[in-house]
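[1] Okay, sequence plus prediction incoming.
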Amino acid sequence: MVQTDISQLSSECAEWRQILRNYKDEFSTAKHYLEEICRKTLSKDQLQEIEHFDNQFLIQLINIHDLKQSIKNHERKIKEETSTSEVSEPTYSYHESLLDQFLSLENTLQELRNEFKNFISVTSC
């Protein structure tokens, strides 16, 4: 029973980290795309939006990194606890907290992604 729980916790952590890696790659690519857009003649409003997205991508890349590190440290704690005994209740609680953080960040990242796609579709015309 405990082994299944541990396996589930570890696989959830791995899944969250992979999803965050994908967002990191996507937003890193989007930052490069912003550089390409800057080579065009743009209005003041478009330049302000580019600055907004550049700032948001930077902030979200930092948030992604920080959450990935927290998840990685959590995985280490799970492994440490299982080598000595069972996973503690505080570790389970922290896992739930990480899930909440992950879902909140993912929601923010999806909103930013959609906002950027809308900007690109208008700017590309």
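    Good, I have the coordinates. Owing to the predicted nature of the structure, the values given are computational and were not obtained by experimental measurement.
[2] Which strands or helices does the lowest-mean-pLDDT helix or strand in the chain pack on?
    Scoring the helices and strands of the chain by mean pLDDT, DSSP states H and E places helix 2-37 at the bottom, with a mean of 89. Here helix 2-37 touches helix 44-84, helix 89-123, going by 3 or more C-beta pairs under 8 Å, 6 or more residues apart in numbering; DSSP states H and E. No exception for glycine: its C-beta is placed from N, CA and C like everyone else's.
[3] Make a markdown table out of these and add distance to residue 9, mean pLDDT and mean neighbour count.
    Listed next are the helices and strands packed on helix 2-37 as a markdown table, based on distance: least, C-beta to C-beta, whole Å; pLDDT from 0 to 100; neighbours: other C-beta atoms under 10 Å:
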| stretch | distance to residue 9 | mean pLDDT | mean neighbour count |
| --- | --- | --- | --- |
| helix 44-84 | 6 | 93 | 15 |
| helix 89-123 | 6 | 94 | 14 |
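[4] before we move on, back to that, give me the angle between the least confident helix or strand of the chain and helix 89-123.
    Put simply, helix 2-37 runs at 20 degrees to helix 89-123, going by axes from the mean of the first three to the mean of the last three C-alpha atoms, to 10 degrees.
[5] wait, isn't residue 71 in contact with residue 98?
    Yes. Using C-beta atoms under 8 Å, residue 71 is in contact with residue 98, at 6.0 Å.
[6] shared neighbours, the two?
    13, 16 (C-beta atoms under 8 Å, 6 or more residues apart in numbering).
[7] circling back to that earlier point, mind listing what's buried in the least confident helix or strand of the chain?
    Across helix 2-37, burial judged by 16 or more other C-beta atoms under 10 Å covers 6, 9, 12-13, 16-17, 19-20, 23-24, 27, 30, 34, 37.
[8] And residue 113, how far from residue 47?
    Using C-beta to C-beta, to the nearest Å, residue 113 is found at 21 Å from residue 47.
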